[in-house]
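Trainee: 3D, please:
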Amino acid sequence: MRIAFRRSVFLPVGLLMAGTLLTSDLMATPAHAFVRHPAYGRSIDREAIARNRATRQARASRSGTRSRIAPAPTPRPVVAAAGGGDDALWQRLRNCEAGGRYERNSGNGYYGAYQMSAGTWHSLGFGGLPHQAPPEVQDQAARKLQARGGWGQWPACSRRVGAR
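Mentor: Residues are numbered from 1 along each chain as shown. Presented below is the predicted three-dimensional model:
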């Protein structure tokens, strides 16, 4: 048995007998504020959706005003090849990467003694392909690349030869 309560809300008699009082602000909200969602079949509060949308838009506009330009990284100083240990390190790296051969074209998109891709080579400001350049230019490019990005450009060989 059910008892009608304000037209559309029905309470089971068992809850009334148990002394449980159910309150809701459903009756305080006008009926036009709710709409039945066609896909889910349940009522949706239009005002709550509008509040959430306004909050998301405010949050998005706040984040949109932040500066997205990152400061330029400070370049690491290029150590001059005054010490013999530095030249030996680069020689070991060349031997590991390409067997010490400056004209090496491995056929997998990496060229020269330091096995650079064409994109990396061009980003350093050089033209052509690395294996077509003279050894001095390849050495200069490798030192420039190491100063820009560290030894991680050659992950396996730099570990193998003991580069820091």
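Trainee: just confirm Asp87 is within a strand.
Mentor: No: using DSSP: H, G, I helix; E, B strand; the rest coil, the assignment for Asp87 is helix, not a strand.
Trainee: buried ones in the helix of greatest length in the chain?
Mentor: The longest helix of the chain (DSSP state H) is helix 46-64. Across helix 46-64, burial judged by 16 or more other CB atoms under 10 Å covers no residue at all. Every residue, glycine included, has its C-beta placed from N, CA and C.
Trainee: other SSEs contacting it?
Mentor: Based on contacts counted as 3 or more CB pairs under 8 Å, 6 or more residues apart in numbering; DSSP states H and E, there is no element that helix 46-64 packs against.
Trainee: near Gln140, how many other residues are there?
Mentor: 15 (other CB atoms under 10 Å).
Trainee: and it, what pLDDT?
Mentor: pLDDT recorded at Gln140 is 95.
Trainee: kindly report the same for Ser123.
Mentor: Confidence at Ser123, expressed as pLDDT, is 94.
Trainee: run a quick neighbour tally on the nearest residue to Tyr114 once chain neighbours are set aside.
Mentor: Nearest non-adjacent residue to Tyr114, counting by CB to CB, 6 or more residues apart in numbering: Ala142, 4.3 Å away. By other CB under 10 Å, the residues close to Ala142 number 23.
Trainee: any idea which helix or strand carries Ala142?
Mentor: helix 135-149 (DSSP states H and E).
Trainee: still on that earlier bit, quick one: the residue nearest to Tyr114 from Ala48, how far?
Mentor: 60 Å (CB to CB, to the nearest Å).
Trainee: ditto for Lys144
Mentor: 58 Å.
Trainee: circling back: show me what the helix holding Ala142 is packed against.
Mentor: Here helix 135-149 touches helix 84-98, strand 116-117, going by 3+ CB pairs under 8 Å, 6+ apart.
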